[in-house]
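[1] sequence first, predicted model second:
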Amino acid sequence: MPTCEYCNRSFSERGIGTHKRYCKARTEIVKEEGKDLVQRDGLIVRKAELSRETNETNINLILNIDGKGNAKIDTGIGFFDHMLEAFATHGLFDLSVQAIGDINVDCHHTIEDVGIVLGKAFNAAWGDKHGIIRFAERNIPMDEAVASAVLDISGRPYFAFEGTFSEEQVGDFTSGMAPHFFRSFAMNAGVTLHCSVKGKNAHHEVEALFKAVGRGIDDASQIDERRAGAPSTKGGL
Ligand SMILES: [Zn+2]
(Lines give C-alpha, C1' and ligand atoms only; values in the text may rest on other atoms or scores of the structure.)
Protein backbone atom coordinates (compact mmCIF):
# COMPACT_ATOMS: atom_id res chain seq x y z
CA MET A 1 0.00 0.00 0.00
CA PRO A 2 1.34 3.47 -0.82
CA THR A 3 2.34 5.66 2.11
CA CYS A 4 2.10 9.45 2.37
CA GLU A 5 5.63 10.83 2.80
CA TYR A 6 4.31 13.74 4.89
CA CYS A 7 2.26 11.94 7.56
CA ASN A 8 3.41 8.32 7.06
CA ARG A 9 -0.14 6.97 6.85
CA SER A 10 -0.95 4.25 4.33
CA PHE A 11 -3.68 4.56 1.74
CA SER A 12 -5.16 2.55 -1.11
CA GLU A 13 -3.88 3.19 -4.64
CA ARG A 14 -7.09 5.12 -5.33
CA GLY A 15 -7.03 7.10 -2.07
CA ILE A 16 -3.41 8.28 -1.88
CA GLY A 17 -3.93 10.97 -4.54
CA THR A 18 -7.02 12.36 -2.79
CA HIS A 19 -5.26 12.28 0.57
CA LYS A 20 -2.13 14.07 -0.59
CA ARG A 21 -4.17 16.93 -2.05
CA TYR A 22 -5.42 17.74 1.46
CA CYS A 23 -2.82 16.18 3.83
CA LYS A 24 -2.72 18.31 7.00
CA ALA A 25 0.92 17.35 7.71
CA ARG A 26 1.88 18.57 4.25
CA THR A 27 -0.03 21.82 4.86
CA GLU A 28 1.99 22.35 8.05
CA ILE A 29 5.29 21.76 6.23
CA VAL A 30 4.39 24.24 3.50
CA LYS A 31 3.35 26.75 6.21
CA GLU A 32 6.67 26.34 8.05
CA GLU A 33 8.54 26.96 4.83
CA GLY A 34 6.59 30.22 4.62
CA LYS A 35 5.35 29.42 1.16
CA ASP A 36 2.08 30.48 -0.38
CA LEU A 37 -0.50 27.99 0.79
CA VAL A 38 -3.01 28.33 -1.99
CA GLN A 39 -3.10 25.39 -4.37
CA ARG A 40 0.63 24.89 -4.38
CA ASP A 41 1.94 21.81 -6.19
CA GLY A 42 -1.51 20.29 -6.14
CA LEU A 43 -1.97 20.92 -2.39
CA ILE A 44 -5.51 22.09 -1.81
CA VAL A 45 -6.02 24.60 0.97
CA ARG A 46 -9.71 25.23 1.28
CA LYS A 47 -9.71 28.95 1.93
CA ALA A 48 -11.36 31.92 0.27
CA GLU A 49 -11.18 35.66 0.76
CA LEU A 50 -13.93 37.73 -0.83
CA SER A 51 -15.08 41.33 -0.86
CA ARG A 52 -18.32 42.71 -2.21
CA GLU A 53 -19.40 46.32 -2.35
CA THR A 54 -22.77 47.66 -3.43
CA ASN A 55 -24.78 50.81 -2.66
CA GLU A 56 -26.31 48.93 0.27
CA THR A 57 -23.46 46.94 1.81
CA ASN A 58 -19.69 46.58 1.97
CA ILE A 59 -18.57 43.10 3.00
CA ASN A 60 -15.15 41.54 3.58
CA LEU A 61 -15.11 37.83 4.34
CA ILE A 62 -12.32 35.30 4.97
CA LEU A 63 -13.15 31.59 5.23
CA ASN A 64 -11.09 28.52 6.02
CA ILE A 65 -13.25 25.40 5.71
CA ASP A 66 -10.65 23.30 7.56
CA GLY A 67 -10.36 25.66 10.49
CA LYS A 68 -10.78 25.40 14.25
CA GLY A 69 -14.03 27.31 14.70
CA ASN A 70 -12.44 30.72 15.20
CA ALA A 71 -14.91 33.46 14.38
CA LYS A 72 -14.41 37.19 14.10
CA ILE A 73 -17.75 38.68 13.13
CA ASP A 74 -18.94 42.26 12.96
CA THR A 75 -22.05 42.98 10.92
CA GLY A 76 -23.57 45.66 13.15
CA ILE A 77 -26.46 43.25 13.91
CA GLY A 78 -25.76 41.71 17.32
CA PHE A 79 -27.91 38.61 17.08
CA PHE A 80 -26.72 37.89 13.52
CA ASP A 81 -23.09 38.10 14.74
CA HIS A 82 -23.99 35.57 17.44
CA MET A 83 -25.55 33.27 14.77
CA LEU A 84 -22.54 33.45 12.43
CA GLU A 85 -20.30 32.67 15.41
CA ALA A 86 -22.45 29.59 16.18
CA PHE A 87 -22.26 28.54 12.50
CA ALA A 88 -18.44 28.82 12.49
CA THR A 89 -17.90 27.32 15.94
CA HIS A 90 -20.01 24.23 15.29
CA GLY A 91 -18.86 23.83 11.70
CA LEU A 92 -15.20 24.26 12.79
CA PHE A 93 -14.72 26.93 10.14
CA ASP A 94 -12.42 29.88 10.65
CA LEU A 95 -14.60 32.78 9.59
CA SER A 96 -14.04 36.50 9.54
CA VAL A 97 -16.92 38.72 8.41
CA GLN A 98 -16.77 42.50 8.45
CA ALA A 99 -19.93 44.02 7.05
CA ILE A 100 -21.03 47.63 6.89
CA GLY A 101 -24.60 47.81 5.69
CA ASP A 102 -27.61 50.08 5.64
CA ILE A 103 -28.85 48.82 9.01
CA ASN A 104 -30.37 52.25 9.58
CA VAL A 105 -32.97 51.04 7.01
CA ASP A 106 -33.27 47.52 8.46
CA CYS A 107 -31.26 44.28 8.71
CA HIS A 108 -32.46 42.87 5.37
CA HIS A 109 -29.70 43.87 2.91
CA THR A 110 -26.84 43.14 5.29
CA ILE A 111 -28.06 39.63 6.14
CA GLU A 112 -28.92 38.79 2.54
CA ASP A 113 -25.58 40.05 1.21
CA VAL A 114 -23.52 38.22 3.85
CA GLY A 115 -25.39 35.07 2.71
CA ILE A 116 -24.36 35.77 -0.89
CA VAL A 117 -20.70 36.32 -0.03
CA LEU A 118 -20.54 33.35 2.37
CA GLY A 119 -22.06 31.10 -0.32
CA LYS A 120 -19.58 32.29 -2.94
CA ALA A 121 -16.72 31.78 -0.48
CA PHE A 122 -17.67 28.15 0.20
CA ASN A 123 -18.08 27.51 -3.51
CA ALA A 124 -14.60 28.93 -4.20
CA ALA A 125 -12.98 27.12 -1.26
CA TRP A 126 -14.45 23.71 -2.20
CA GLY A 127 -12.73 24.03 -5.57
CA ASP A 128 -13.22 20.92 -7.72
CA LYS A 129 -14.73 19.04 -4.73
CA HIS A 130 -12.54 15.99 -5.25
CA GLY A 131 -13.00 13.47 -2.46
CA ILE A 132 -15.75 15.32 -0.53
CA ILE A 133 -18.51 13.40 1.28
CA ARG A 134 -21.05 15.68 -0.46
CA PHE A 135 -24.24 14.72 1.46
CA ALA A 136 -25.25 15.39 5.07
CA GLU A 137 -28.19 15.48 7.40
CA ARG A 138 -28.27 17.11 10.83
CA ASN A 139 -30.99 17.57 13.42
CA ILE A 140 -29.94 19.91 16.20
CA PRO A 141 -31.99 20.75 19.29
CA MET A 142 -31.82 23.79 21.48
CA ASP A 143 -34.02 23.25 24.50
CA GLU A 144 -37.60 22.92 23.16
CA ALA A 145 -36.60 23.79 19.55
CA VAL A 146 -35.31 21.43 16.85
CA ALA A 147 -33.88 22.45 13.48
CA SER A 148 -32.88 20.22 10.63
CA ALA A 149 -30.61 20.64 7.62
CA VAL A 150 -30.49 18.08 4.80
CA LEU A 151 -28.03 19.01 2.14
CA ASP A 152 -26.09 18.09 -0.96
CA ILE A 153 -23.04 20.00 -2.21
CA SER A 154 -24.40 19.30 -5.65
CA GLY A 155 -23.54 22.32 -7.77
CA ARG A 156 -27.33 22.63 -8.21
CA PRO A 157 -28.63 25.44 -5.99
CA TYR A 158 -31.96 24.78 -4.34
CA PHE A 159 -33.52 25.88 -1.08
CA ALA A 160 -36.63 24.68 0.73
CA PHE A 161 -37.85 25.68 4.16
CA GLU A 162 -40.56 24.37 6.44
CA GLY A 163 -41.69 25.88 9.71
CA THR A 164 -42.56 29.19 11.34
CA PHE A 165 -40.82 31.22 14.02
CA SER A 166 -42.49 31.76 17.37
CA GLU A 167 -41.58 35.46 17.50
CA GLU A 168 -41.18 37.85 14.61
CA GLN A 169 -38.06 39.47 16.06
CA VAL A 170 -35.02 38.29 18.07
CA GLY A 171 -33.26 41.42 19.28
CA ASP A 172 -32.21 43.36 16.19
CA PHE A 173 -32.73 40.33 13.93
CA THR A 174 -35.96 39.62 12.04
CA SER A 175 -36.63 35.86 12.36
CA GLY A 176 -37.83 35.55 8.76
CA MET A 177 -34.35 36.62 7.63
CA ALA A 178 -32.92 33.26 8.77
CA PRO A 179 -34.40 31.25 5.87
CA HIS A 180 -33.73 34.22 3.59
CA PHE A 181 -30.05 34.10 4.61
CA PHE A 182 -29.79 30.38 3.92
CA ARG A 183 -31.53 30.79 0.57
CA SER A 184 -28.90 33.39 -0.44
CA PHE A 185 -26.20 31.07 0.86
CA ALA A 186 -27.50 27.97 -0.98
CA MET A 187 -27.99 29.79 -4.29
CA ASN A 188 -24.43 31.13 -4.25
CA ALA A 189 -22.71 28.07 -2.79
CA GLY A 190 -24.37 25.73 -5.29
CA VAL A 191 -25.90 23.65 -2.51
CA THR A 192 -29.23 21.81 -2.37
CA LEU A 193 -30.46 22.72 1.11
CA HIS A 194 -33.65 21.64 2.87
CA CYS A 195 -34.22 23.21 6.29
CA SER A 196 -36.94 23.08 8.90
CA VAL A 197 -37.57 24.37 12.41
CA LYS A 198 -40.07 23.84 15.17
CA GLY A 199 -40.16 25.16 18.72
CA LYS A 200 -41.64 27.74 21.04
CA ASN A 201 -38.88 30.37 21.22
CA ALA A 202 -37.52 32.15 18.16
CA HIS A 203 -34.02 32.63 19.62
CA HIS A 204 -33.75 28.84 20.05
CA GLU A 205 -35.31 28.10 16.65
CA VAL A 206 -32.95 30.42 14.74
CA GLU A 207 -29.87 29.34 16.69
CA ALA A 208 -30.62 25.63 16.21
CA LEU A 209 -30.99 26.31 12.48
CA PHE A 210 -27.58 28.02 12.18
CA LYS A 211 -25.97 25.17 14.14
CA ALA A 212 -27.67 22.49 12.02
CA VAL A 213 -26.50 24.05 8.75
CA GLY A 214 -22.97 24.63 10.12
CA ARG A 215 -22.64 21.02 11.28
CA GLY A 216 -24.18 19.73 8.05
CA ILE A 217 -21.89 21.77 5.80
CA ASP A 218 -18.87 20.56 7.77
CA ASP A 219 -19.96 16.91 7.52
CA ALA A 220 -20.54 17.15 3.77
CA SER A 221 -17.22 19.01 3.24
CA GLN A 222 -15.12 16.25 4.82
CA ILE A 223 -12.75 14.30 2.62
CA ASP A 224 -13.33 10.60 2.07
CA GLU A 225 -9.86 9.30 1.30
CA ARG A 226 -11.24 6.17 -0.38
CA ARG A 227 -12.50 8.33 -3.21
CA ALA A 228 -10.52 9.49 -6.23
CA GLY A 229 -12.09 12.46 -8.01
CA ALA A 230 -15.43 14.18 -7.50
CA PRO A 231 -18.31 12.22 -5.91
CA SER A 232 -20.47 12.11 -9.03
CA THR A 233 -21.30 9.51 -11.67
CA LYS A 234 -20.90 12.37 -14.16
CA GLY A 235 -17.29 12.86 -13.04
CA GLY A 236 -17.74 16.43 -11.80
CA LEU A 237 -19.96 18.61 -9.61
ZN1 LIG B 1 -0.34 12.68 4.57
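    Perfect, thanks for sending it.
[2] so residue 122 sits in a helix?
    Yes. Membership of residue 122 in a helix is supported by DSSP: H, G, I helix; E, B strand; the rest coil.
[3] ok, now how distant is residue 165 from residue 121?
    26 Å (C-beta to C-beta, to the nearest Å). C-beta: built from backbone N, CA, C; applies to glycine.
[4] wait, residue 65
    Counting by C-beta to C-beta, the gap from residue 65 to residue 121 is 9 Å.
[5] just residue 151 next, same as before
    Distance from residue 151 to residue 121, by C-beta to C-beta: 16 Å.
[6] again, but for residue 223
    19 Å.
[7] so between those two, which is more surrounded?
    Using other C-beta atoms under 10 Å as the criterion, residue 223 and residue 121 rank with residue 121 on top: 25 against 20.
[8] does that one touch residue 60 like I think?
    No. Using C-beta atoms under 8 Å, residue 121 makes no contact with residue 60, being 10.8 Å away.
[9] intersection of neighbour lists for the two?
    Common contacts of residue 121 and residue 60 (C-beta atoms under 8 Å, 6 or more residues apart in numbering): residue 50.
[10] how about residue 148, what does it touch?
    Contacts of residue 148 by C-beta under 8 Å, 6+ apart are 137-140, 194-197, 212.
[11] buried residues, stretch 222-237. List them.
    In terms of neighbour count (16 or more other C-beta atoms under 10 Å), stretch 222-237 has its buried residues at 223, 225, 227, 230-231, 237.
[12] what about it, distance to the chain center?
    Its chain's C-alpha centre and that of stretch 222-237 lie 19 Å apart, by C-alpha atoms, centre = their mean, to the nearest Å.
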